[in-house]
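# Only the shape, not the letters, is given here:
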């Protein structure tokens, strides 16, 4: 398996070198909106530790990422009046991974509304800012 590249786009976001719409941060994880969401509220949850994917992450970091993904999922259900949540996680190119820093997709879903194709349409900044505000408020409310 190739090694972790510290210059991947998510590593740059974690270092503050690129902007994002932050949803959540603690000592081990960082969560932000996907700028090409498949549905409103589509959030990415990452470990802060350098991990290419699930195949090389420390088990305790993976566990923490999944716990945060659950928090984001619950907030997404409230913030977007979702009927369900899709969780996606890809490993290596053959598994569908595009950015090689472990990340979990948390996507609020509405009954009968299909997801947009992956990486198909960049969302408007004002819409992303509104979605971030809704998710942050839902997280704060518990």
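Great, that's in hand. Just so it is clear, the model here is predicted, and its values are computed rather than measured. Residues are numbered from 1 along each chain as shown.

# quick one: buried residues of stretch 84-102?
Under the neighbour-count criterion of 16 or more other Cβ atoms under 10 Å, stretch 84-102 has 85, 89, 90, 91, 97, 99, 100, 101, 102 buried. (Glycine included, C-beta is placed from N, CA and C.)

# and the closest residue to the second one other than its chain neighbours, bridged to which residues?
Counting by Cβ to Cβ, 6 or more residues apart in numbering, the nearest residue to residue 89 once its immediate chain neighbours are dropped is residue 104, at 4.9 Å. With beta bridges defined as DSSP bridges, residue 104 has these partners: residue 45.

# what's residue 104 in contact with, if anything?
Counting by Cβ atoms under 8 Å, 6 or more residues apart in numbering, residue 104 makes contact with 44, 45, 46, 65, 66, 69, 87, 88, 89.

# how about the helices in the protein?
For the chain, the helices defined by DSSP state H cover 9-14, 59-79, 125-141.

# quick one: contacts for residue 6?
residue 50.
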